[in-house]
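# show me the folded form of this:
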Amino acid sequence: MKNTSLPRLIAAAALAASFVAPSFSVRAQVPTQSYLRNTPSEIEREDPRVQQIIARSEEHFKLGELNLRDQRREAARAEFDKAVDAVLESGMDVRSNPRLQRYYMELVERVYRHEVPSQALPARQEGVQFVQVAQNGSAPAAPPQVGFSEQKFEPSPLDDLSKIVLTKAEETVSAEQVVQAEEIKNTLDFKFRLHPLVVQYINYYQGRGRGTMETGLRRSGQYMTMARKIFREEGVPEDVVWLGQVESSWRPTAQSWAAASGLWQFIPGTGSRFGLRQTAYVDERNSYEKATRASARYLKFLANRYRGNWELAMAAYNTGEGNIDRAIARAGVADFWTIYPYIAQETRNYVPNILAVILIAKDKAKYGFGGVQPMGALAYDTVSVPSATSLHLIASLTDSNVDYIRSLNPELRRDMTPPGESYYVRVPPKRGAQMVALLKRIPVERRNQLARVVTAAPGEDIQTIAARTGSSVSQLQQWNANVDLSKGGKLVVPAGGGAGRLVQTSLSRPRSNVTINTGLRNVTANANETLAQVAARIGASVDEVVKLNGIGPNTPLARGQQVTVPAPAGSAATPAPTTRRRR
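Coordinates of the predicted model:
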């Protein structure tokens, strides 16, 4: 810590007196009979209020259905959003009431089904899979996978935020800690009032929450440069970007119990309100740049609403401005620490958590995190692809795998880009030009199919390549017109190939060492078996099986799914189909 004058220490000691005394904790301000408590009798007393909330929500939902029947989709979406907001901004802690939580989960399902017709849903999923809510009102074991068929999600850190209870040791704060926090606070690009809970949460992150803090500091490096640039462009203090650490721990696939999603945890209605598109094929709440810009714009809107009070803006970002407005009306003062007793527990923990994270991140070394090295910024090329382009195809054309392509494009709900429009996809760095060149070889009407890329040895002829890939010469010529093989190079091959011979060869060896297999055959996968497991079961090369099927080695397969594999040497092979049905 920097040298501090005695008068400053004395002044700080007076301020620290309130920090040290646990009795000062704002938790003591909560009325004993607060509706936020979760005893059965209080749940019963809440029932008329819950019924009013549900009735108000249903009114908006039915108006949405009427607008949908009249083909007024924008008006319908607005009413559906209001139906969801009627629950989330009711002033009640939804998870504390089993009935209200069950209704909310069902409401999200119904809204999604209206907005995404059943014929647009993947055949193997047919909609939303929810974890049953326990009768005691506890939260689901995993966040609902609202309408997503391919993308995988991780629990949001917000779900555990309301459960944090500080220990007596964490609540104890010294005068020296106060001075240190005040000094760092004065270097930030926005103002707030240092409150006991902020320094107490710094204690939490220096102790049992250290792992969480270190993970966030490391992962922040992937997005920090992008986030600061966008916040700066939108006129939002750059230090506020650390809100992303508390929202998602910098995971673009984080999803909360309330179906909030992405780095910045937008619920569907607020995401739509700030321009984030949500369809059967894309959910921009999970994008990097678009969701970050929407977050900056929402924060700026909230800061203006509360006249530059960033504690209130952050609280409203978490719980909605309607809940904060009502709390202000009850408290009579537009001050976060005064409205504290009138807001949900998650929001009470949320604001001091963010402020503590911001102070630590501003001077990591002072708080013992100087050795944490942030990850490098995400690197990728951006390429425009035509309508309904397969992610498996993109993975093949960029020498990567579909899981990596999904991770670079977390906003895509399916394993293809949206139909009916060109779309900018992120691909591995320094692979964009290669992909563009190879994509031009594939007929536009075939770009929604699976394909793979093989490397030809110098001087290898088209007949040999056709044999070892299980393709026909005509297919290879159609997809690779005017390619000069004299110096080798890359060729695009339809995945699965056709009836033909498979040649197992190392391209670094002379062609005289080539071993010819008799063909291909299909085997049936067990439920959740992977290509790697199938290959091991039949004694085949994992790489060959992956290339033949265009699916990642660790992707779970459906029961009964047909997998193309090399036939054993000398056996009569059943010709594999020339095209493969996607699972």
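# quick one, phi psi at the spatially most central residue of the chain?
For the chain, residue 253 is the residue whose C-alpha lies nearest the centre (CA atoms, centre = their mean; 1.5 Å). For residue 253, the backbone dihedrals (degrees, to the nearest 10) come out as phi -100, psi 20.
# pLDDT wise, what is it at?
On pLDDT, residue 253 comes in at 88.
# distance-wise, check it relative to residue 406.
From residue 253 across to residue 406, the span is 9 Å (CB to CB, to the nearest Å). Placement of C-beta: from N, CA and C, glycine included.
# likewise residue 281?
Taking CB to CB, one finds residue 281 at 13 Å from residue 406.
# also residue 542?
Relative to residue 406, and taking CB to CB, residue 542 is found at 20 Å.
# C-terminal to the longest helix belonging to the chain, what's the next element?
Ranked by number of residues, the top helix in the chain under DSSP state H is helix 40-69. Going down the chain from helix 40-69, the next helix or strand is helix 73-88, by DSSP states H and E.
# need the helices for the stretch 451-583 of the chain, in chain order.
Secondary structure of the stretch 451-583 of the chain by DSSP state H, counting those that start in this stretch: the helices cover 462-469, 473-479, 531-538, 542-549.
# returning to what we had before: now for residue 281 and residue 406: what residues contact both?
residue 412 (CB atoms under 8 Å, 6 or more residues apart in numbering).
# what residues are up against residue 78?
residue 64.
# then the one 10 residues further on?
The neighbours of residue 88, taking CB under 8 Å, 6+ apart as the test, are 94, 104, 258, 267, 319-320.
# same check on residue 270?
Residue 270 makes contacts with 298, 320, as judged by CB under 8 Å, 6+ apart.
# could you look up the SS state of it?
What DSSP: H, G, I helix; E, B strand; the rest coil gives for residue 270 is helix.
# gap between it and residue 260?
From residue 270 to residue 260 the distance is 8 Å (CB to CB).
# please apply the same query to residue 106.
17 Å.
# and residue 386, by the same measure?
Between residue 386 and residue 260 the computed distance is 32 Å (CB to CB).
# do the same with residue 349
Residue 349 is 16 Å from residue 260, by CB to CB.
# also residue 440?
40 Å.
# comparing those two, which residue is more hemmed in?
Neighbours were counted for residue 440 and for residue 260 using other CB atoms under 10 Å; residue 260 has more, 24 against 10.
# not counting sequence-adjacent ones, nearest residue to the more buried one?
Leaving aside its sequence neighbours, residue 260 sits nearest to residue 267 (CB to CB, 6 or more residues apart in numbering; 4.7 Å).
# equivalent analysis for residue 332, please.
Nearest to residue 332 is residue 338, by CB to CB, 6+ apart, at 8.0 Å.
# now the longest helix of the chain against helix 73-88, angle please.
Put simply, helix 40-69 runs at 180 degrees to helix 73-88, going by axes from the mean of the first three to the mean of the last three CA atoms, to 10 degrees.
# now the strands for this structure?
Ranges of strands within the chain are 154-155, 254-255, 381-385, 423-427, 451-456, 489-494, 503-504, 515-516, 520-524, 562-566, based on DSSP state E.
# dump these to TSV, plus distance to residue 363.
Formatted as TSV, these follow (distance: least, CB to CB, whole Å):
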stretch	distance to residue 363
strand 154-155	29
strand 254-255	27
strand 381-385	35
strand 423-427	33
strand 451-456	48
strand 489-494	50
strand 503-504	59
strand 515-516	63
strand 520-524	59
strand 562-566	55
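# which of these has the highest mean neighbour count?
Most buried of these by mean neighbour count (mean count of other CB atoms under 10 Å) is strand 254-255; its value is a mean of 27.
# what is that strand packed up against?
strand 154-155 (3 or more CB pairs under 8 Å, 6 or more residues apart in numbering; DSSP states H and E).
# show me the one of the helices of the stretch 451-583 of the chain that comes nearest residue 343.
Residue 343 lies closest, by CB to CB, to one member of those: helix 531-538, at 49.6 Å.
# on contacts alone, who are the packing partners of that closest one?
helix 542-549, strand 562-566.
# would you single out the least confident of the ones you listed?
helix 542-549 (a mean of 71).
# any weak-confidence spans in the stretch 451-583 of the chain?
495-520, 543, 547-552, 554, 567-583 (pLDDT under 70).
# before we move on, what about the stretch 151-300 of the chain?
151-156.
# so who does residue 536 touch?
With the criterion set at CB under 8 Å, 6+ apart, residue 536 makes contact with residue 542.
# also residue 555?
402-403, 530-531.
# those residues, buried ones only, as a PyMOL selection?
In PyMOL, a selection of the buried entries from those looks like this (16 or more other CB atoms under 10 Å):
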select buried, resi 402+530+531
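# in TSV: the contacts of residue 555, plus distance to residue 53.
TSV is the format used below for the contacts of residue 555 (distance: CB to CB, whole Å):
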residue	distance to residue 53
402	42
403	41
530	45
531	48
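# go through the contacts of residue 555 and name the one nearest residue 523.
Once CB to CB is applied, the member of the contacts of residue 555 that ends up nearest residue 523 is residue 531, at 10.7 Å.
# surely the closest one is in contact with residue 540?
No: look at residue 531 against residue 540 with CB atoms under 8 Å: they stay out of range, at 9.7 Å.
# distance of residue 470 from residue 273?
Taking CB to CB, one finds residue 470 at 51 Å from residue 273.
# so those two - more neighbours on which side?
Neighbour count, other CB under 10 Å: between residue 470 and residue 273, residue 470 has more, with 27 against 18.
# for that one, phi and psi?
According to degrees, to the nearest 10, residue 470 has phi 70, psi 20.
# and it, how far is that from residue 392?
Separation of residue 470 from residue 392 (CB to CB): 17 Å.
# residue contacts, the nearest residue to residue 225 once chain neighbours are set aside?
The shortest distance from residue 225 to any non-neighbouring residue, by CB to CB, 6+ apart, is to residue 377 (5.0 Å). Shown in contact with residue 377 (CB under 8 Å, 6+ apart): 221-226.
# can I get those in TSV with distance to residue 328 and neighbour count?
Formatted as TSV, those follow (distance: CB to CB, whole Å; neighbours: other CB atoms under 10 Å):
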residue	distance to residue 328	neighbour count
221	37	16
222	37	20
223	32	24
224	33	20
225	36	12
226	34	16
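# got JSON lines for these, with distance to residue 478 too?
JSON lines is the format used below for the contacts of residue 377 (distance: CB to CB, whole Å):
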{"residue": "221", "distance to residue 478": "45"}
{"residue": "222", "distance to residue 478": "41"}
{"residue": "223", "distance to residue 478": "42"}
{"residue": "224", "distance to residue 478": "46"}
{"residue": "225", "distance to residue 478": "44"}
{"residue": "226", "distance to residue 478": "41"}
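# thinking again about what came up before, neighbour count and distance to residue 157 for the contacts of residue 88 - can I get that in a markdown table?
Output for those, formatted as a markdown table (neighbours: other CB atoms under 10 Å; distance: CB to CB, whole Å):
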| residue | neighbour count | distance to residue 157 |
| --- | --- | --- |
| 94 | 20 | 18 |
| 104 | 26 | 20 |
| 258 | 25 | 13 |
| 267 | 20 | 16 |
| 319 | 21 | 16 |
| 320 | 21 | 19 |
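# so residue 305 makes contact with residue 320?
No: assessed by CB under 8 Å, residue 305 is found out of contact with residue 320, at 11.7 Å.
# which neighbours do those two have in common?
Both residue 305 and residue 320 lack any common contact, where contact means CB under 8 Å, 6+ apart.
# alright, calling it a day.
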